[in-house]
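[1] Curious how this folds, go ahead:
(2 chains)
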Amino acid sequence: MDFDFSPDQYTLRDEARRFLEAQCPTGHVREFIDDPAGWSSTLWKQMADLGWMGLPFPEELGGLGQSFLDLVLLLGELGRAVAPVPFLSSVAQAGQVLLRHGSAAQRERWLPGIASGEKVATLAIAEAAGSYDDAGVSAVVSGGRLSGEKRYVLDAPIADLFVVAARDGSDVRWFVVEEGADVVTQRSYDLTRPIGSVSFDGAAAEPLEAPGLEPGLGIATAALTAEMVGTASKILDLSVSYAKEREQFGRPIGSFQAIKHKCAEMLTDLESSRSAAFYACWAVATDAEDAPLAVAVAKSYCSDALARLGGEGVQVHGGIAFTWEHDMHLFLKRIKTAEALFGDAAEHRERIAQLAGL
Amino acid sequence: MDLSQSPSEQGFRAEVRAWIEKNLPEGWGTPAFKDPRSFEERVAFSKEWEAKLAKDGWVGIHWPKEYGGRGASYMEQIIFHEEMARARAPQLFINFVGTNLAGPTIMAHGTEEQKKRYLPPILSMEEIWCQGFSEPNAGSDLANVQTRAEDKGDHFVVNGQKIWTSFAHVADWCLLLCRTDTSVAKHKGLSYLLVDMKLPGIDPRPLKQITGDAEFNEVFFTDCVVPKEYLLGEMNMGWSYANTTLSHERGPAFLGHQIRFRNVLRDLFEAAKKTERDGVPVSEHPAFRQKLAAAYAELEIMRYIGLRNITSILKHGRPGTEGSVAKLYWSHMVRRMQELALSVTGPAGALDGEDAMGRGQWQRGYLMSFAQTIAAGSTEIQKNIISERVLGMPRGEVWAPKGRSGAAGSKGSA
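    Numbers count the residues shown, from 1 in each chain, chains lettered A, B, ... in the order given. Below you'll find the model as predicted:
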């Protein structure tokens, strides 16, 4: 029985935290928040030098030969820093879909660019229906040409490659589109990461070899929960240290049970979410039998509990967190956006109901 | 990360499973089986069941072999609890205090003579124990115990009142926390006495609880003369010993509990499929379906927390951060689940007992769920502990002596 990360994985986490605290303080994040398509290409290049984008890919494809599980704590650190880089979408989501669904030739064609960070890939799933499953997909590929409109595509304005959920007859599967995507940059609620809608009107689309959206979609969703846990941990840390420093009535507000009990609830929400996210990541990485359930449990629970935690983080800070200058809203908006994407709590609970035989 | 089981763990699991299959009470788990309901029925039933377990060495499996246990490893204990839960086998009831609280405390702090005298009859079930901790004014503030044991040379004279004492009226012995020195700070003047419940001056009175059952007692001690040899370990060390006792309240049964809660939720799912609201089964009614699924998710997460907890204990010898929030998490999870269960029954929730859905199990379960957030460290105490010890937040109002660890709350029935 070992439901924990390895010493190497913890070492990487610690190194990542030190690196991001030095290179990606919120001052750096704020350089990009006014531009809807803004992102930190300088940070991205530094991360490439560290080899992070290559971590989960085979060595023969330019990677470091590690596994998806080696990404989990790193995703958390990037979430803590609200790092304005497309690591989640390109490496942990689209890259993993390509790795798990692509043929050998397809992997050789696209993964080296992703593993080096030269290319940015992203998943395009949701449409007007707003759901992240087969039923929500009406984009169609016919004769190798894709038509349809995708929404809420993370990092769409900066992506080189779209991995798109689309219909091939009655089956839904992943297709890769390199040319001919019409991207409209939209204003993201999350100021630290661009988002957009993407239209395809007869774009050349190549089907990935393995049919269906799973396990790729489950991996992508689990990766998002791992990142959410990191962002939430930062909110809790900020709240606790503020409560220790901020004085009212002649003593730190953190000495009042009204505040400290709130922080204890936040920690409970964080640790239970962390347990769920880690288990989902383990389940998708090992193709465990209960992986679909674990993903739905993690995303439904993290969506609710971590959004609640974010709100309480603002409340603990009081008026100061209501200001644009204070960083809290950067973290809160990241969480609230993640809550909505890749299936919200209600969508995943319906999935749980079905899997649990209700 | 590796969640697989070793061959020896699998072998142990098969052994436990085979024993349970062969020994479960006749008809257990079938609708024909009439569950013991009153306290007297439950005591009689559990005495028979637990004696059967004891005979084949399945009571106190975590005890070292030299004291009659199996010396079961941590993983084996977990597996034992899981298998018992999976089979919906009756839970340890009458002998819980003896095997899980009194026994380990005597093992840790008793003299060799005391160990030889008291430990064997616990495992053989010849002697039943109760735990005299809480008092009317010593609940969350356990160190405030007022029951006095006056040192009279060769004996103590005990006066005072205990409360929430499970099994006191059927117990042979009491693990009694009492004050032996009134001149020092409150947690420094406590001692443990091993008290024969047949001594004159002890009056247990059953305490009827909100379910209508009387599992607990108030116990009154009036000029009760307790021989000196009944002192456990050293004088005035009771507070530190109490921490040993309370550290045995939870632990390897965690995943077993999770499975028992899952059994309850499974029953609730079945009830939801059979109950209609607005012309559809409750299980498909949008107002309920989401909540049922949420309950399922929360229950799964309790298992994941348990897996992290076990890993931390195996690797580092102590729980990690997940362990400190575990009780707060699952106790409120159970409260929500039982609230949901009553709402699923709809207007039938207005009935109770034999007239109610499931013979009143949801009505009773709802009431019993309050025990989870009150006993063994109330929610409010848990939040104090978490915020101060884990998050390092400043102490505000003085609510417990400094340096106190683990001893939050005082009722050992979790």
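[2] so residue B:174, which of the three states?
    Three-state assignment for residue B:174 (DSSP: H, G, I helix; E, B strand; the rest coil): strand.
[3] count of neighbours near it?
    Residues lying near residue B:174 (other C-beta atoms under 10 Å in any protein chain shown) number 26. For glycine as for every other residue, the C-beta is placed from the backbone atoms N, C-alpha and C.
[4] my read: it touches residue B:128, true?
    No - counting by C-beta atoms under 8 Å, residue B:174 sits too far from residue B:128 to count as a contact (10.2 Å).
[5] mean confidence score for the helix or strand harbouring residue A:153?
    Under the criterion of DSSP states H and E, residue A:153 resides in strand A:145-154. Strand A:145-154 shows a mean pLDDT of 98.
[6] Pretty sure residue A:230 sits against residue A:74.
    No - with contacts counted by C-beta under 8 Å, residue A:230 stays clear of residue A:74, the gap being 9.1 Å.
[7] hey, where'd the strands end up in the chain?
    By default, I'm working from chain A. Taking DSSP state E as the criterion, chain A carries its strands at A:121-124, A:140-142, A:145-154, A:161-168, A:171-177, A:181-186, A:195-204, A:206-207, A:247-248, A:251-252.
[8] that's the other chain; I wanted chain B
    Going by DSSP E, chain B shows strands at B:129-132, B:148-151, B:155-163, B:173-179, B:190-196, B:202-207, B:216-227, B:276-277, B:280-281.
[9] And those: which comes nearest residue A:201?
    The minimum distance between residue A:201 and the strands of chain B falls on strand B:280-281, with 42.4 Å, by C-beta to C-beta.
[10] low-confidence ranges in the stretch 1-150 of chain B?
    For the stretch 1-150 of chain B, no stretch is flagged by pLDDT under 70.
[11] Show me which residues of it sit near chain A.
    B:1, B:2, B:3, B:5, B:75 (C-beta under 8 Å from any C-beta of the partner chain).
[12] Filter the residues you listed down to the ones in helices?
    Of the residues of the stretch 1-150 of chain B next to chain A, the ones assigned to helices by DSSP state H are residue B:75.
[13] Going through the residues of the stretch 1-150 of chain B next to chain A, which ones are buried?
    B:1, B:75 (16 or more other C-beta atoms under 10 Å in any protein chain shown).
[14] confidence score at the residue lying farthest from the centre of chain A?
    Here chain A reaches farthest from its C-alpha mean at residue A:250, the gap being 41.9 Å by C-alpha atoms, centre = their mean. At residue A:250, the model reports a pLDDT of 93.
[15] thinking again about what came up before, with distance to residue B:350 added, can I get the residues of the stretch 1-150 of chain B next to chain A in a markdown table?
    Formatted as a markdown table, the residues of the stretch 1-150 of chain B next to chain A follow (distance: C-beta to C-beta, whole Å):
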| residue | distance to residue B:350 |
| --- | --- |
| B:1 | 49 |
| B:2 | 51 |
| B:3 | 45 |
| B:5 | 47 |
| B:75 | 46 |
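[16] dump the residue contacts of the residue in the stretch 151-300 of chain B that chain A sits nearest to.
    In the stretch 151-300 of chain B, no residue comes nearer to chain A than residue B:293, which is 3.9 Å away by C-beta to the nearest C-beta. Contact criterion C-beta atoms under 8 Å, 6 or more residues apart in numbering or on different chains gives A:300, A:349, A:350, A:352, A:353, A:356, A:358 as the residues in contact with residue B:293.
[17] ok, back up a step: nearest to chain B, out of the strands of chain A?
    Closest of these to chain B is strand A:251-252, at 5.3 Å (criterion: C-beta to the nearest C-beta).
[18] The closest one pairs with which strands?
    Applying DSSP bridges, strand A:251-252 is found paired with strand A:247-248 (antiparallel).
[19] Quick check, residue B:179 in contact with residue B:145.
    Yes - between residue B:179 and residue B:145 there is a contact under C-beta under 8 Å: 5.9 Å.
[20] Common neighbours of these two, please.
    In contact with both residue B:179 and residue B:145: residue B:190, using C-beta under 8 Å, 6+ apart.
[21] mind putting the strands of chain B in a markdown table, distance to residue A:286 included?
    Output for these, formatted as a markdown table (distance: least, C-beta to C-beta, whole Å):
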| stretch | distance to residue A:286 |
| --- | --- |
| strand B:129-132 | 43 |
| strand B:148-151 | 57 |
| strand B:155-163 | 50 |
| strand B:173-179 | 45 |
| strand B:190-196 | 48 |
| strand B:202-207 | 50 |
| strand B:216-227 | 46 |
| strand B:276-277 | 40 |
| strand B:280-281 | 35 |
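[22] So for residue A:235, which of those sits nearest?
    strand B:276-277 (38.6 Å).
[23] which ones are touching residue B:396?
    Shown in contact with residue B:396 (C-beta under 8 Å, 6+ apart): A:251, A:255, A:256, A:257, A:260.
[24] Any figure for the gap between residue A:260 and residue A:232?
    As judged by C-beta to C-beta, to the nearest Å, residue A:260 and residue A:232 stand 18 Å apart.
[25] Neighbour count for those two, which is higher?
    Neighbour count, other C-beta under 10 Å: between residue A:260 and residue A:232, residue A:232 has more, with 32 against 27.
[26] Counting neighbours, what do you get for the nearest residue to the more buried one once chain neighbours are set aside?
    Closest residue to residue A:232 apart from its sequence neighbours, by C-beta to C-beta, 6 or more residues apart in numbering or on different chains: residue A:306 at 4.3 Å. If you count neighbours by other C-beta under 10 Å, residue A:306 ends up with 29.
[27] Run through the residues that contact residue A:306.
    A:228, A:229, A:231, A:232, A:269, A:270, A:273, A:335, A:338, A:339.
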